[in-house]
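*Asks:* pasting the sequence and the predicted coordinates here, then a few questions.
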Amino acid sequence: MKTRNLTTLILFVMVALALTALQSCGEQYGKALPPASGKAGEIAVISPRSHWEAEPGTTIRSFLAAEFAHLPQKEPTYTLFNVPPKSFNKVFQVHRNLLNIVISDTVSNNRIGVSRDVWAKSQIMISVYAKDEESSAKLISENADKLLSYYENAERDRVIQNAKNHANPTLKKYVTTLIGGSPYFPRDYTEKMHTNNFIWISYETSYTNQGIFLYTFPYQGEWQLTPEYLVARRDEFLKENVPATSENSYMITHPTAKPGFVVKEYNDLQFIEMRGLWDTHNDFMGGPFVSHTYVSPDNKYVVVIEGFVYAPKYEKRNYLRQVEYIISSFEWGKEE
């Protein structure tokens, strides 16, 4: 047992030394780092298989791989795969999301550390240090929400930065003129239609449709900021502006799947997040959506920004996250 612990310690000391050296290199020569690899929503868990299959791994999977809420089929919140320390080579070192589990009786105090851009640009690596499996699982469980937020923020930041790097400034300025603010739209997103208070932005391929709705209505009081009212107004706007493929068909909120409703804050802006499923009246289309509802700074009107996905042949999680993170880049227009 002592030999095994010493071997484990040596492996992770080597990793730590590499981390320090590469972080210094990254700070001095930022452009030398390669772009992070791996698919969106993936996390590589660096851990001996014995720990991965025991209580620490079970605890990790209980929340990081829990079912992603409000999708039409089951998908995990994150796709996890185990990488034993001996197999942690250059291929895995540049992965976008790393979770490093270090369990050894030589650990002086149980703790969690966060490192960024260690081996690759826009990379996040969370390390969990614990004396034994039980304390490791407890530490992970107690910090579940924090770990989730670290990865969500990293995934969001990548999408938003990409949108800014490849933005359509003309579209952003145009939307800002119409509703007082705008997200950053990647160049592939184009206007599909608009009225005086409704805009439809879309990115479509042969088999997928990622759409963004932006609509406004007068703000009269907090009684409007309820799930029932917002769903009713949503259905009014969709019936009027979003036809489906059959005659007298249009998009609606799924009549039996109750949307999630929570107040959030991002980028110093408070908003209501509502996520659920959309359906179609007199048609057979459907999928997930997520909306952010803001009250204008002057309290005169409500702005709703919604991302939705139609991808009947594919899993929806990553497509939904892309539009969700794009609408998260919303900012009010600056006064000239």
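*Replies:* Thanks, I have it.

*Asks:* counting by contacts, list what the longest strand along the chain packs against.
*Replies:* In the chain, taking DSSP state E as the definition, the longest strand is strand 269-281. For strand 269-281, the packing partners by 3 or more CB pairs under 8 Å, 6 or more residues apart in numbering; DSSP states H and E come out as helix 227-241, strand 250-253, strand 260-266, strand 287-295. C-beta here means a position set from N, CA and C on the backbone, and glycine is covered the same way.

*Asks:* out of the ones you listed, which is closest to residue 107?
*Replies:* strand 260-266 (34.6 Å; CB to CB).

*Asks:* show me the shaky parts of this protein.
*Replies:* Low-confidence segments of the chain, defined by pLDDT under 70: 1-31, 335-336.

*Asks:* helices of that one, start to end?
*Replies:* 2-28, 49-52, 55-64, 90-93, 133-142, 144-165, 169-179, 227-241, 317-327 (DSSP state H).

*Asks:* okay, the helices and strands packed on strand 269-281, which one's buried deepest?
*Replies:* Compared across those, strand 287-295 shows the largest average neighbour count, a mean of 23 (mean count of other CB atoms under 10 Å).

*Asks:* could I get the CA-only coordinates of that one as CSV?
*Replies:* This file holds the C-alpha atoms of strand 287-295, laid out as CSV (Å, rounded to 0.1, in the frame of the first residue of the first chain):
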residue,chain,number,x,y,z
GLY,A,287,-37.6,20.6,-29.6
PRO,A,288,-36.0,22.5,-26.6
PHE,A,289,-35.9,26.2,-26.0
VAL,A,290,-34.4,28.6,-23.4
SER,A,291,-35.3,32.2,-22.9
HIS,A,292,-33.9,35.2,-21.0
THR,A,293,-36.3,37.9,-20.0
TYR,A,294,-35.1,41.4,-19.1
VAL,A,295,-36.7,44.6,-18.0
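
*Asks:* in stretch 66-84, which residues are buried?
*Replies:* By 16 or more other CB atoms under 10 Å, the buried positions in stretch 66-84 come out as 68, 70, 71, 72, 75, 77, 78, 79, 80, 82, 83.

*Asks:* for the fifth one, which non-adjacent residue is closest in space?
*Replies:* Spatial nearest neighbour of residue 75, chain neighbours left out: residue 317 (4.5 Å); criterion: CB to CB, 6 or more residues apart in numbering.

*Asks:* separation between the one you found and residue 254?
*Replies:* Distance, residue 317 to residue 254, using CB to CB, to the nearest Å: 18 Å.

*Asks:* mind checking which of the helices and strands packed on strand 269-281 is nearest residue 35?
*Replies:* Closest to residue 35 of those is strand 260-266 (CB to CB; 24.6 Å).

*Asks:* who are the packing partners of that closest one?
*Replies:* Counting by 3+ CB pairs under 8 Å, 6+ apart, strand 260-266 packs on strand 269-281.

*Asks:* so what are the sheet partners of the strand it packs on and their directions?
*Replies:* Paired neighbours of strand 269-281 in the sheet (DSSP bridges): strand 250-253 (antiparallel), strand 260-266 (antiparallel), strand 287-295 (antiparallel).
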